[in-house]
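Student: Quick check, what structure comes out for this input:
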Amino acid sequence: MGLETDYIEYGVQLSLAVLGISASYLIDFSTPSTLLTLLFLPVLYGYTAYISRESFNKATLTTLITPIFGVVGGITALLIIPYSIGNILVSMLSGGDQFKDFYGSTSIPLLITGLIIGTSIFAYGAANPEFKQDKVDSAATEISKITEETIERTGMLENQKNTQLQSINRTAKAATELTIQKVYNKTNPQRETAESLEEARTEVPEIIYQQTQKQFNQKQVDLSNRIKPIFKDMFGGQKFFIIIPLITGLTYSLQPLIGILTGIFSKIFLKFGE
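Tutor: Okay, the predicted model is just below:
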């Protein structure tokens with residue numbers, strides 16, 4: 001019976017790891033539904049935490065076969081680390097059969113996994129300047145586009161423009177009013193002149209407002225081209241090392257979600273195991 005259980009554990013570990021890595025090849029960030037293939041990771045972690053609730057389980061070592069998929073490159077190559085090293089760390093740090101135990105088993109593994117991924121990207125970028133430059137350019141383009149779209153959706157620029165136009169309109173009215181009052185105080189304008197001044201009271205601020213609005217519309221701000229150089233300067237050259245804490249932080253920020261899913265799948269496996 002024990003040998004049978006071992007075979008099952010080895011088989012499930014290998015199957016989940018290979019399926020998860022293979023499915024990652026289908027990931028397309030422009031199609032959010034393809035991200036569902038990432039669910040294989042918490043399923044694997046959930047099963048690992050379940051079979052390792054008493055001690056480290058050697059069956060998790062079978063996931064070390066996943067590096068053969070590294071030739072595929074891209075996101076698949078990066079996911080090898082959480083599917084292999086991360087999975088083994090989950091087994092090492094698991095203990096207990098409560099939800100909080102399963103949840104907590106992913107905390108340190110994700111932190112270490114993020115650190116390894118960030119360091120790997122930095123090392124590869126340092127050894128291949130063309131790769132680094134290409135990735136920085138691509139990331140800068142995508143982030144600037146996303147930022148521009150977000151600002152446009154929230155209407156921040158439109159609100160700012162309206163606020164400036166209102167301020168200019170108030171200033172124009174005040175300046176016109178002050179000028180007219182000066183004319184009345186200094187001179188005694190004839191009837192025709194007085195009528196012209198009264199017309200100017202409303203027409204001049206309106207003309208200034210329209211001219212200013214026209215200039216705003218002609219000078220469309222290209223946020224994308226403004227944000228891109230800032231991002232390139234942030235990550236370009238020797239500053240590329242910032243990718244390590246950035247990737248580490250982003251990976252660890254997923255811990256609550258992955259931890260909850262791991263806990264849920266672990267409880268499901270525990271239920272079926274009983």
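
Student: So in this protein, where's the weakest helix or strand by average pLDDT?
Tutor: helix 191-218 (a mean of 64; mean pLDDT, DSSP states H and E).

Student: and the gap between residue 103 and residue 90?
Tutor: 11 Å (C-beta to C-beta, to the nearest Å). Bear in mind the C-beta positions are built from the backbone N, C-alpha and C, glycine included.

Student: Comparing these two, which residue is more hemmed in?
Tutor: Here residue 103 and residue 90 are compared on neighbour count by other C-beta atoms under 10 Å; more neighbours surround residue 90, at 28 against 20.

Student: domain parsing for this structure?
Tutor: What automatic domain parsing lists as the domains of the chain is 2-139+240-273, 151-227.

Student: Please work out which of those is packed deepest.
Tutor: Ranked by mean neighbour count, these are led by domain 2-139+240-273 with a mean of 18 (mean count of other C-beta atoms under 10 Å).

Student: avg pLDDT for it?
Tutor: Average pLDDT, domain 2-139+240-273: 88.

Student: circling back to that earlier point, overlap in contacts of residue 103 and residue 90?
Tutor: Residues touching both residue 103 and residue 90 (C-beta atoms under 8 Å, 6 or more residues apart in numbering) are residue 262.

Student: May I have the residues that are in contact with residue 44?
Tutor: Residue 44 neighbours (C-beta under 8 Å, 6+ apart): 13, 16, 17, 20, 63, 83, 87.

Student: my bad, should have said residue 91
Tutor: 48, 49, 51, 52, 56, 57, 60.

Student: Apply 7 Å and report the result again.
Tutor: Counting by C-beta atoms under 7 Å, 6 or more residues apart in numbering, residue 91 makes contact with 48, 52, 56, 57, 60.

Student: Tell me which two in those residues are the farthest apart.
Tutor: Spatially, the most separated pair among the contacts of residue 91 is 48 and 56, at 10.1 Å (C-beta to C-beta).
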